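> Pasting a predicted model and its sequence here:
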Amino acid sequence: MTRCSIIVPVLNETGEIEGLLRHLKALPGAASAEVIVVDGGVAGDTLQAIRAPGVIRLRAPVGRARQMNAGAASARGAILLFLHADTRLPENALPMIYEIMGNPAFVGGAFDLGIRSDRRSHRFIAAVASLRSRLTQIPYGDQAIFLNRACFERLGGYPDIPLMEDVALMRRIKRERMRIHILPSRVSTSPRRWEAEGILWTTLRNWTLLALYGAGVSPATLARHYRSGKAVYERSGAD
């Protein structure tokens, strides 16, 4: 029986995908989950790099919201877990998710953020992001958001916007007074964005994006002014 559908939106992730799939296969409870990889690349390079058996492979128009919605539409699980290709789950992620989702008080949740780095600045960023999500109850995509499928479908999925789709959906859940649970265990995400663009610049840019979005600036406007190719596609939320 498929209890959980793990949906992975990808774009040019040939270097990450096999490592992620090995990680997911080794998780306790993996037999109760299906993995759906949704490629937004024109050539589908990431799908072609998959060697692991049993993975559901989909193509969708580029854009994290569109790719995740396409994956959700094909999912069989009652729980939808949205996972970035460069993020790894804590060892007991699936049993913890099942326990939370067994409580009808919650429609979903996420994990605290961790970054695979020993640098103090990365640890500080992760701690601030985790604290923020706990205070606001609005986790970002890097935190492995999971949702009850029926709730996700009732809300119409992720809004088809080029940026901040995770924030928009979480804000709607909050407005409708539905509850999520932030698990204290940490995901482990790659530091590659901060290392490629600079820790200070990336952090300030992400905070600026969030502030402007909260002030009413449209995601399309934010995307035009702040996107810079692949580096920002890989970060459709802001930590």
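In hand now; what should we look at? Numbering: from 1, shown residues only.
> use CA for all of it now, contacts and neighbours both
Noted.
> what's the following helix or strand after the one helix or strand residue 172 maps to?
Under the assignment given by DSSP states H and E, the secondary-structure element containing residue 172 is helix 165-175. Counting by DSSP H and E, the element after helix 165-175 in chain order, helix or strand, is strand 180-186.
> after that following strand, next one along is what?
Under the assignment DSSP H and E, the closest C-terminal helix or strand after strand 180-186 is strand 188-189.
> ok, and what's touching that following strand?
With contact meaning C-alpha atoms under 8 Å, 6 or more residues apart in numbering, strand 188-189 is reached by 86, 87, 88, 89, 90, 113, 114, 115, 116, 142.
> Pull out the buried members of the residues you listed.
Buried subset of the contacts of strand 188-189 (neighbour count, 16 or more other C-alpha atoms under 10 Å): 86, 87, 88, 89, 90, 113, 114, 115, 142.
> Spit out the contact partners of the third one.
Just to be clear, that refers to residue 88. Residue 88 makes contact with 20, 23, 187, 188, 189 under the criterion C-alpha under 8 Å, 6+ apart.
> Only whichever of these are buried, select them in PyMOL.
A single PyMOL command is used to select the members of these judged buried by 16+ other C-alpha under 10 Å:
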select buried, resi 20+187+188+189
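> can you pull the pLDDT of the residue most central in space within the chain?
For the chain, the residue whose C-alpha lies nearest the mean C-alpha position (C-alpha atoms, centre = their mean) is residue 141; its distance is 3.1 Å. Among the per-residue scores, residue 141 holds a pLDDT of 94.
> List phi and psi for it.
phi -60, psi -30 (degrees, to the nearest 10).
> I'd assumed residue 166 was in contact with it.
Yes: using C-alpha atoms under 8 Å, residue 141 is in contact with residue 166, at 5.9 Å.
> mind checking the SS state of the nearest residue to residue 170 once chain neighbours are set aside?
Excluding its sequence neighbours, the residue lying closest to residue 170 (C-alpha to C-alpha, 6 or more residues apart in numbering) is residue 138, at 5.4 Å. State at residue 138, reduced to three classes by DSSP: H, G, I helix; E, B strand; the rest coil: coil.
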